[in-house]
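Student: sequence plus the predicted model coming up.
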Amino acid sequence: MKTGFYPGCSMKGSAREYSESLLALAREIGRELPEVPDWNCCGATAAHNLDRDLALALPARILAAAEKAGMDEVLVPCAACYSRLKVTRHELLADDSLRQRISGLVEADYRGSAGVLNIIEWLGRVPDLEKLVKKPFQRKVACYYGCLLVRPAGVVKFDRPEDPQSMDLLMKKIGADPIDWAFKTECCGAGFSVSRTDLVARLSGQILDDAVSRGAEAVVVACPMCHLNLDLRRPNIEKRAGKKFHLPVIYITQAVGMALGLKPKQLGLQRHKVSPSALLAPASAKPPAGSKSASGDSPASAPLSGSSAGAPASTASKVN
């Protein structure tokens with residue numbers, strides 16, 4: 001089966017570390033991931049609020065290009081992009097006249113032969129993942145699915161919409177201890193990151209607060225928008241909450257990559273606003289990454305390759 005890779009806009013820009021860690025992981029496990037040729041933006045959070053035909057045409061063109069390239073399925077790591085491609089495929093296969101009309105708009109005969117795969121499904125196919133682990137990821141983690149990865153349940157048909165377990169099971173395979181918590185599918189504010197940063201600060205702050213209160217040492221995500229809101233918007237979150245959160249937020253591909261022994265720079269760990277360097281030290285060497293020391297500072301941690309744990313985040317994020 002030929003699996004194509006749709007990076008979407010974010011993995012070429014604001015979420016470069018997600019793409020870097022995914023491709024490094026794919027090389028490590030011997031999986032080829034050719035990009036869908038001549039791909040375009042899927043419309044993400046905007047198109048379906050403005051024009052239904054446009055919202056269907058943008059993902060349909062991507063899927064048609066994948067079909068033309070002989071791809072049997074398309075891996076879509078971004079949860080927002082995954083939602084748009086999955087919903088479009090569902091709607092067009094259910095209405096042949098609509099499929100033909102959208103095919104005319106994109107000037108391609110979209111047939112619906114290529115499936116749409118999310119990152120958890122792709123990782124779940126790695127045979128004997130436990131045997132590939134070189135450095136068990138022995139941390140208490142909050143697996144954050146967000147609101148798009150498992151919804152709408154009748155369309156994606158992936159895991160349980162209220163209490164999903166697939167990411168938790170993957171993390172257990174690499175040695176992690178997923179916590180039981182209340183916010184694993186709550187919204188972080190999504191596309192309101194710029195227009196309503198105050199809303200994002202409130203919603204994302206609740207997510208971090210619950211994870212920290214239950215002893216999490218990291219939040220694991222599978223969505224660039226979720227990562228942006230929980231990581232890049234940390235100053236806004238902390239200002240609204242009136243307290244500091246030192247909890248790092250990492251992608252599922254980075255967590256698995258660390259367990260398989262990949263280097264920090266291969267995984268793009270130096271690009272985060274909140275340094276995840278504490279996760280690189282032996283698990284018994286320090287208190288949970290979300291806690292404070294007696295002085296109120298974040299726990300000491302070893303610097304990442306190419307960055308300093310004490311350097312300003314804006315500097316660390318520019319390391320190539």
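Tutor: Yep, that arrived.
Student: measure the closest residue to residue 15 other than its chain neighbours to residue 60 for me?
Tutor: Using CB to CB, 6 or more residues apart in numbering and skipping residues adjacent in sequence, the residue nearest residue 15 is residue 224, 3.5 Å away. All C-beta spots, glycine's among them, are computed from the backbone N, C-alpha and C. According to CB to CB, to the nearest Å, residue 224 stands 22 Å off from residue 60.
Student: ditto for residue 228
Tutor: From residue 228 to residue 60 the distance is 27 Å (CB to CB).
Student: between those two, who's got more neighbours?
Tutor: residue 60 (26 against 22; other CB atoms under 10 Å).
Student: ok, and what's touching the helix or strand containing the more buried one?
Tutor: Element membership of residue 60 [criterion: DSSP states H and E] is helix 52-68. Here helix 52-68 makes contact (CB atoms under 8 Å, 6 or more residues apart in numbering) with 4, 6, 36-43, 47-48, 74, 84-85, 87-89, 91-92, 98, 101-103, 105-106, 108-114, 116.
Student: for the record, mean pLDDT for the next helix or strand along the chain from it?
Tutor: Downstream of helix 52-68, the next assigned helix or strand under DSSP H and E is strand 73-75. Here strand 73-75 scores 98 as its mean pLDDT.
Student: now do the contacts for the residue nearest to residue 15.
Tutor: Residues near residue 224 by CB under 8 Å, 6+ apart: 8, 10-11, 14-15, 18, 78, 80.
Student: narrow these to those in helices?
Tutor: 18, 80 (DSSP state H).
Student: now the helix or strand encompassing residue 141: how far from the chain's centre is it?
Tutor: Per DSSP H and E, residue 141 falls inside strand 140-143. Relative to the chain's own centre, strand 140-143 is displaced by 14 Å; criterion: CA atoms, centre = their mean, to the nearest Å.
Student: tell me which strands the helix or strand encompassing residue 220 pairs with, and in which orientation.
Tutor: Element membership for residue 220, per DSSP H and E: strand 218-221. Take DSSP bridges as the rule and strand 218-221 pairs in its sheet with strand 140-143 (parallel), strand 249-251 (parallel).
Student: can you dump the C-alpha coordinates of it into CSV?
Tutor: Below are the C-alpha coordinates for strand 218-221, written out as CSV (Å, rounded to 0.1, in the frame of the first residue of the first chain):
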residue,chain,number,x,y,z
ALA,A,218,4.3,16.8,29.6
VAL,A,219,1.2,17.3,27.3
VAL,A,220,1.3,15.2,24.1
VAL,A,221,-0.5,16.6,21.1
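Student: low pLDDT regions in this protein?
Tutor: Along the chain, segments meeting pLDDT under 70 span 48, 284-320.
Student: repeat that for 90
Tutor: 1, 13-14, 44-51, 162, 189-196, 281-320 (pLDDT under 90).
Student: what's the residue nearest the centre of it in contact with, if anything?
Tutor: In the chain, the centroid-proximal residue (CA atoms, centre = their mean) is residue 222; its distance is 2.2 Å. With contact taken as CB under 8 Å, 6+ apart, residue 222 is in contact with 77, 79, 118-120, 145-146, 149, 167, 251-252.
Student: recalculate using a threshold of 7 Å.
Tutor: Residues near residue 222 by CB atoms under 7 Å, 6 or more residues apart in numbering: 79, 119-120, 145, 149, 167, 251-252.
Student: what ranges do the helices span in the stretch 151-300 of the chain?
Tutor: Ranges of helices in the stretch 151-300 of the chain, per DSSP state H, counting those that start in this stretch, are 153-156, 166-173, 197-213, 224-227, 234-241, 252-259.
Student: so what touches the longest one?
Tutor: What it means is helix 197-213. For helix 197-213, using CB under 7 Å, 6+ apart, the contacting residues are 142, 144, 181-183, 186-189, 192-193, 219, 229-230, 233, 236-237, 240-241, 245, 247, 290.
Student: so what's residue 146 up against?
Tutor: 79, 185, 188, 221, 223, 226.
Student: typed the wrong thing, it's residue 259
Tutor: 133, 135-137, 174-175.
Student: over to residue 236?
Tutor: 197, 200-201.
Student: what is the neighbour count of residue 185?
Tutor: By other CB under 10 Å, 19 other residues sit near residue 185.
Student: pretty sure it sits against residue 149.
Tutor: No - if you go by CB atoms under 7 Å, residue 185 and residue 149 don't touch, sitting 8.1 Å apart.
Student: about what we covered before: just name the most buried of the strands paired with strand 218-221.
Tutor: Mean neighbours per residue, mean count of other CB atoms under 10 Å, is largest over the strands paired with strand 218-221 for strand 249-251, with a mean of 28.
Student: next one: it to chain centre, how far?
Tutor: The answer for strand 249-251 is 8 Å, by CA atoms, centre = their mean.
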